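Chemist: Got a predicted model here, sequence first, then my questions.
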Amino acid sequence: MSDDDQHARDVDAALQAADVMMRVAARSVSEVEDIVTSPQLRVLVLIATHGPQTLGNVATELGVHASNATRTCEKLVRAGLIHRTEDPTDRRFVRVALTSTGAQLVERVIGHRRSALAEVLAEMDPDERSVAVASFRAFARAAGDLPDADGRFTLILPGTAGV
């Protein structure tokens, strides 16, 4: 087998694993779609992973116009999932932060993702699981351990990684 053929097979294997992980993420979103939209969930996870945010920062991280971020956050405020406060360093800015209800919703989504992946790992032979876990860690290191800034595919929250 040529190096190009092996490379293609390696990429296909990574895509197959990524497909499973993306389906896990999609299922966790569907569990709360009666409560929040996908863009609203992205805002909640962004705040959960990066702390309170300005509306401008939310817009930047999500790649949307500031008015879209403002409308999305207003709906989350009305739903009791986030609250607004003045920025302590500059009163011209408003910060949005999770309420306890918002934090619980994010924890529920992330918990579902973790449980679903744990079920898959539990189905593996222990030796294969060890190899897979080492490979996942090597893969994350090679990618620079950079999570998606907007939290769309977040699987762990800060302080919960058992690495």
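Modeler: Yes, it's here. Numbering: from 1, shown residues only.

Chemist: Distance-wise, check residue 14 relative to residue 60.
Modeler: Distance, residue 14 to residue 60, using CB to CB, to the nearest Å: 29 Å. Any C-beta I mention is one placed from the backbone N, CA and C, and that applies to glycine too.

Chemist: Equivalent analysis for residue 119, please.
Modeler: Residue 119 is 36 Å from residue 60, where distance means CB to CB.

Chemist: sorry, back to before: show me which of residue 14 and residue 60 is the more surrounded one.
Modeler: residue 60 (15 against 12; other CB atoms under 10 Å).

Chemist: State the mean pLDDT of the helix or strand hosting the more buried one.
Modeler: Per DSSP states H and E: residue 60 is located in helix 55-62. Per-residue pLDDT over helix 55-62 has a mean of 91.

Chemist: CA atoms only for the helix or strand that it is followed by, dumped as CSV, please.
Modeler: Per DSSP H and E, the first helix or strand lying C-terminal to helix 55-62 is helix 66-78. What follows is helix 66-78, C-alpha atoms only, in CSV (Å, rounded to 0.1, in the frame of the first residue of the first chain):
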residue,chain,number,x,y,z
ALA,A,66,-24.5,42.5,16.6
SER,A,67,-28.3,43.0,16.2
ASN,A,68,-28.7,39.2,15.8
ALA,A,69,-26.7,38.5,18.9
THR,A,70,-28.7,41.1,20.8
ARG,A,71,-32.0,39.5,19.7
THR,A,72,-30.8,36.0,20.5
CYS,A,73,-29.6,37.1,24.0
GLU,A,74,-32.9,39.0,24.6
LYS,A,75,-34.8,35.7,24.0
LEU,A,76,-32.5,33.9,26.4
VAL,A,77,-33.0,36.6,29.0
ARG,A,78,-36.8,36.3,28.6
